[in-house]
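Peer 1: All I have is the shape, not the residue letters:
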């Protein structure tokens, strides 16, 4: 596994990094275990003080941090700046809430012999985080902020194409005052990951990535009897009902599908429009996509970024070709993209039938799958006809109706009149092939803790 910074806009290799040696892996685990023994006894207030310092440092050098994202995976500079701020906001969420969320909980008991009982949340040890390239800082922040607040420590295996982003975040946390070993970036190999998972000092694995990677890592964690959380792919439904504000829906659909060049797990990948407004919506949607400008992601005028790598762009094009080969209709939309860089031309795929395997695929790029629904019930049926269950959205001017439709969509998240969003103070996660477990808020904080019961009884003997 080669770790390298390759600028997806220029195609130039900027810097390469050797894989971690077995000795480096062993040292990281030793340091992590030593850091944990110190960190677990540190008060929550002192732990979150480090998170606040990290948030302050991110904001103080936000452009410097943002430019690294643009360099390594091609993110628009404005979107990169927003990711830096989101990461800082996640840190601050736990600064404000972790102490209360981790506080012992008194438990009532009907047994008169139980004088007192309470539940405490104790940290476990080292948590292995395996993270993807599409949001290099946010993906780190949303796992380390809750885990460090809880008293755990984290070893990171980041994506091979964002090695400098990973290194910058490790240095950020050290500068913020985290003990050495509290958060360690490793350029680990796949074989080394299994070694890490099997180490008795490692107590959990959090992965965000592909279904294939999730299946392998979840299997390894299961064999080692380690808890895991999996945040995998998605094919979010973007449902437009006949009473929707079509202008608003089309605007948000353009954003929801092309944000981060369409490389978002919870991107609006399947656009489902009730036939009464289908033609009007499609005209406005295509006009909106036509206004996107592909180009240098450092240029503020650019609104459509390249994909993260040439390989990623080639894979999306192959998927489109296969979809068309199985009967889908291809419509090119938007202005032509540059020949330089890992760009993919925005396209529509329509006339997708269930016998076309692409009907069930996730497209990680600016490819819009569009379905015409007969009515609300048919739209819900299409929305739920997916192996994924991450997020989704419903557009209607009747909020009560939106709530009822949202309740019928089988996903971990549903938004009304907005694409699936990512916020520091809202949970993230899905069901079915989109994975299991939750990140952020109190749910993420308690994924890897020992929920320990402490009880006081007054019994002379026996039961």
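Peer 2: Now that the structure is in, tell me what you want to look at. Not measured: the values here are computed from a predicted model. Numbers count the residues shown, from 1 in each chain.
Peer 1: Next one: residue 25 from residue 141, what distance?
Peer 2: 24 Å (Cβ to Cβ, to the nearest Å). For glycine as for every other residue, the C-beta is placed from the backbone atoms N, C-alpha and C.
Peer 1: OK, contacts around residue 76?
Peer 2: 70, 297, 302-303, 305 (Cβ atoms under 8 Å, 6 or more residues apart in numbering).
Peer 1: how about the residues you listed, which pair is most distant?
Peer 2: Maximum pairwise distance among those (Cβ to Cβ): 13.9 Å, between 70 and 303.
Peer 1: Need the per-residue pLDDT for the nearest residue to residue 231 once chain neighbours are set aside.
Peer 2: Taking Cβ to Cβ, 6 or more residues apart in numbering, and ignoring the residues beside it in sequence, residue 231 has residue 208 as its nearest neighbour in space, at 4.1 Å. Per-residue pLDDT puts residue 208 at 97.
Peer 1: With the one 3 residues further on instead?
Peer 2: In this prediction, residue 211 carries a pLDDT score of 94.
Peer 1: what about it, how many neighbours?
Peer 2: Residues near residue 211, counting by other Cβ atoms under 10 Å, number 16.
Peer 1: Can you give me every residue that contacts it?
Peer 2: 232-233, 433 are the contacts of residue 211 under Cβ under 8 Å, 6+ apart.
Peer 1: Tell me how far the nearest residue to residue 290 once chain neighbours are set aside lies from residue 367.
Peer 2: The shortest distance from residue 290 to any non-neighbouring residue, by Cβ to Cβ, 6+ apart, is to residue 334 (5.2 Å). In this view, residue 334 and residue 367 are 12 Å apart by Cβ to Cβ.
Peer 1: what do you get for residue 416?
Peer 2: 25 Å.
Peer 1: ok, the two, which is more surrounded?
Peer 2: Legend: neighbour count by other Cβ under 10 Å for residue 416 and residue 367, higher for residue 367 (24 against 16).
Peer 1: tell me which residues in stretch 443-452 are buried?
Peer 2: 443-449 (16 or more other Cβ atoms under 10 Å).
Peer 1: Stretch 321-340 now?
Peer 2: In stretch 321-340, counting by 16+ other Cβ under 10 Å, buried: 323-324, 328, 333-334, 337.
Peer 1: What's the mean pLDDT across it?
Peer 2: Stretch 321-340 carries an average pLDDT of 95.
Peer 1: With stretch 382-395 instead?
Peer 2: For stretch 382-395, mean pLDDT is 98.
Peer 1: Please apply the same query to stretch 428-437.
Peer 2: Rounded mean pLDDT across stretch 428-437 is 97.
Peer 1: Quick one: end-to-end distance for that stretch.
Peer 2: End-to-end distance for stretch 428-437, by Cα to Cα, to the nearest Å: 9 Å.
Peer 1: Give me the common contacts of residue 334 and residue 367.
Peer 2: residue 346.
Peer 1: mean confidence for stretch 126-143?
Peer 2: 98.
Peer 1: Now do the end-to-end distance for it.
Peer 2: Start and end residues of stretch 126-143 are separated by 12 Å (Cα to Cα).
Peer 1: contacting residues for residue 421?
Peer 2: Applying Cβ under 8 Å, 6+ apart to residue 421 gives the contacts residue 415.
Peer 1: for residue 11, same thing?
Peer 2: By Cβ under 8 Å, 6+ apart, the neighbours of residue 11 are 310, 340-342.
Peer 1: Going along the chain, name the strands of the stretch 251-400 of the chain.
Peer 2: 270-274, 329-332, 347-350, 367-373, 392-395 (DSSP state E, counting those that start in this stretch).
Peer 1: among those strands, which is nearest residue 20?
Peer 2: Per Cβ to Cβ, nearest to residue 20 of the strands of the stretch 251-400 of the chain: strand 367-373, 35.4 Å.
Peer 1: what's the closest one in contact with?
Peer 2: With contact meaning Cβ under 8 Å, 6+ apart, strand 367-373 is reached by 235, 239, 253, 257, 262, 269-275, 278, 282, 285, 289, 316, 319-320, 333, 344, 346-350, 352, 358-359, 363, 379, 381-382.
Peer 1: relative orientation of that strand and strand 270-274 in degrees?
Peer 2: Strand 367-373 and strand 270-274 are oriented at 30 degrees to each other (axes from the mean of the first three to the mean of the last three Cα atoms, to 10 degrees).
Peer 1: Average pLDDT for strand 367-373, rounded please.
Peer 2: Mean predicted lDDT for strand 367-373 stands at 98.
Peer 1: How far off centre is that strand?
Peer 2: Here strand 367-373 is found 24 Å from its chain centre; the criterion is Cα atoms, centre = their mean, to the nearest Å.
Peer 1: Which strands border that strand, and is each parallel or antiparallel?
Peer 2: strand 270-274 (parallel), strand 347-350 (parallel) (DSSP bridges).
Peer 1: thinking again about what came up before, now the contacts of residue 211 in CSV, please, with extra columns for secondary structure.
Peer 2: Below are the contacts of residue 211 laid out as CSV (DSSP: H, G, I helix; E, B strand; the rest coil):
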residue, secondary structure
232, coil
233, coil
433, helix
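Peer 1: Relative to residue 64, how far out is the closest residue to residue 302 other than its chain neighbours?
Peer 2: Distance criterion Cβ to Cβ, 6+ apart; nearest residue to residue 302, sequence neighbours excluded, is residue 295 at 4.2 Å. Relative to residue 64, residue 295 is positioned 22 Å away (Cβ to Cβ).
Peer 1: Compare these two (neighbour count), which wins?
Peer 2: residue 295 (19 against 11).
Peer 1: Which PyMOL command selects the buried ones in the contacts of strand 367-373?
Peer 2: Applying 16+ other Cβ under 10 Å to the contacts of strand 367-373, the buried members can be selected in PyMOL as follows:
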select buried, resi 235+239+253+257+262+269+270+271+272+273+274+278+282+285+289+316+319+320+333+344+346+347+348+349+352+358+359+363+379+382
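Peer 1: can you tell me which of the contacts of strand 367-373 are in helices?
Peer 2: Judged by DSSP state H, the subset of those located in helices is 253, 257, 275, 278, 282, 285, 289, 316, 319-320, 379, 381-382.
Peer 1: among the residues you listed, which two are most distant?
Peer 2: 275 and 316 (28.5 Å).
Peer 1: By neighbour count, which bits of stretch 286-298 are buried? Give me those.
Peer 2: Neighbour count says stretch 286-298 has 286, 288-289, 292, 294-297 buried, by 16+ other Cβ under 10 Å.
Peer 1: Looking at the residues you listed, which is nearest residue 51?
Peer 2: Once Cβ to Cβ is applied, the member of the buried residues of stretch 286-298 that ends up nearest residue 51 is residue 297, at 29.1 Å.
Peer 1: Distance-wise, check the closest one relative to residue 7.
Peer 2: Residue 297 is 10 Å from residue 7, by Cβ to Cβ.
Peer 1: Which residues are in contact with each of these two?
Peer 2: residue 74.
Peer 1: Residue 87 is in contact with residue 59, correct?
Peer 2: No - with contact defined as Cβ atoms under 8 Å, residue 59 and residue 87 do not form a contacting pair (9.8 Å).
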